[in-house]
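# Predicted coordinates and the sequence they were generated for:
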Amino acid sequence: MNPVRDYPEVWLSFYRIVRRIPRGRVATYGQVALLAGKPRSGRHVGYALRALRGTKHRVPWQRVLGRRGARHGGISILDPMGAAAQRALLEREGVLFDAKERVSLEEYGWRPRR
DNA sequence: GACATGACGTAAT
DNA sequence: TATTACGCCATGT
């Protein structure tokens, strides 16, 4: 069975959005939720992405960050190993973190048209 | 159905 | 800028 296909439809809509985030750019959970038509379901984007651990998929989950302020994003994964993995993946595609473990959304934020 | 949980976000302090 | 408080809502129990 396909581990992704069998997830709830809401989650699939999140995955569709996340797949559109280009290499080297990042989005926030709230942004993904908004684009998926669920303005106040940012938390659930995290749920959906967490469910991908250890599965075969093509979802660039590392490009989704939590809001750390008006212009910054940061890792929200609770598991330290997962957090380190996310940072490593992002740095490998050119996304740099500042001294406070934050990413500038001005610089790396994904700004989709429509 | 009630209740707790959580990879969130915003406003208030 | 940092911390706290609270709203939100799909899932799992």
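That came in fine, so what should we check first?
# all contacts plus neighbour counts: C-alpha atoms, from now on.
Noted.
# Averaged pLDDT, the longest helix anywhere in chain A. What do you get?
Taking DSSP state H as the criterion, chain A has its longest helix at helix A:80-92. The pLDDT scores in helix A:80-92 average 93.
# give me every residue that touches the residue most central in space within chain A.
Of all residues in chain A, the one closest to the mean position by Cα atoms, centre = their mean is A:V64, 1.6 Å from it. When contacts are counted by Cα atoms under 8 Å, 6 or more residues apart in numbering, A:V64 touches A:V18, A:V26, A:A27, A:T28, A:Y29.
# surely the first one meets A:V32?
By that I understand A:V18. Yes: assessed by Cα atoms under 8 Å, A:V18 is found in contact with A:V32 at 6.9 Å.
# which of these two has more neighbours?
Taking neighbours as other Cα atoms under 10 Å, A:V18 and A:V32 compare with A:V18 leading, 28 against 23.
# do you know how far the more buried one is from A:P39?
15 Å (Cα to Cα, to the nearest Å).
# what does chain A put close to DNA strand B?
A:28-31, A:40, A:42-47, A:49-53, A:61-62, A:64-70, A:76-78 (Cα under 7 Å from any atom of the strand).
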